[in-house]
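Visitor: Build me a model:
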Amino acid sequence: MILPIGDTPNPSRTPWATWLLLSVNVAVFVLLTLPRMLTPADPAGLAALTAVFGAIPQVATAWDVFVLEHGFQTGAPGVLDLLTSLFMHAGLAHLAGNLLFLWIFGDNVEARLGSVPFLLFYLVCGAAATGLYALLAGPSLVPLVGAS
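Guide: This is a model prediction of the structure:
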């Protein structure tokens, strides 16, 4: 696999929207994901994980319960979950991969569209991709996370 390390030409203006998206993704991971990955699941959430997915109680975390509640599930779709799932990631490698490509290509797209249209484009494309996945994958309770 080839990983990009840069691009040219670099836009001359500051990519505020790209920085905002990068910051929000990192903040969600640091503030919501990491603490929950280190915390055991509560009894009610553990019961749901075990019943629906056959989760192993000894390794289930509060993050697993959080993803179950806020990740997009094609079998139980929620409108807000279309957007919240875009900022949730399955782990550090998933986050790093998404942020790398957003950092490399986001500033160019933002320079072309403008900051506010780029933010709207990001959210609409993420929601549309999630919706298309829901149509193609069929009903499932397995949560979808990330904007990749």
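Visitor: Helices of the chain, residue ranges please.
Guide: For the chain, the helices defined by DSSP state H cover 16-28, 34-37, 43-53, 62-70, 79-84, 92-113, 115-137.
Visitor: Indicate which one of those helices is closest to residue 148.
Guide: Minimum separation from residue 148 across the helices of the chain (C-beta to C-beta) falls at helix 92-113, 5.1 Å. Every residue, glycine included, has its C-beta placed from N, CA and C.
Visitor: Tabulate the helices of the chain in CSV, adding columns for distance to residue 10, mean pLDDT and mean neighbour count.
Guide: Putting those into CSV (distance: least, C-beta to C-beta, whole Å; pLDDT from 0 to 100; neighbours: other C-beta atoms under 10 Å) gives the following:
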stretch, distance to residue 10, mean pLDDT, mean neighbour count
helix 16-28, 12, 95, 16
helix 34-37, 32, 69, 14
helix 43-53, 44, 70, 14
helix 62-70, 35, 73, 19
helix 79-84, 29, 82, 14
helix 92-113, 7, 92, 16
helix 115-137, 16, 92, 14
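Visitor: would you turn the ones you listed into CSV with distance to residue 145?
Guide: What follows is the helices of the chain, written out as CSV (distance: least, C-beta to C-beta, whole Å):
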stretch, distance to residue 145
helix 16-28, 10
helix 34-37, 13
helix 43-53, 15
helix 62-70, 6
helix 79-84, 9
helix 92-113, 8
helix 115-137, 10
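Visitor: Setting aside sequence neighbours, what's the nearest residue to residue 147?
Guide: residue 86 (4.4 Å; C-beta to C-beta, 6 or more residues apart in numbering).
Visitor: so that neighbour sits right up against residue 131, yeah?
Guide: No. Using C-beta atoms under 8 Å, residue 86 is not in contact with residue 131, being 12.0 Å away.
Visitor: Overlap of the contact sets of the two?
Guide: Contact criterion C-beta atoms under 8 Å, 6 or more residues apart in numbering; residues shared by residue 86 and residue 131: none found.
Visitor: does residue 78 really touch residue 71, like I thought?
Guide: No. Applying C-beta under 8 Å as the test, residue 78 and residue 71 come out as separate, 9.8 Å apart.
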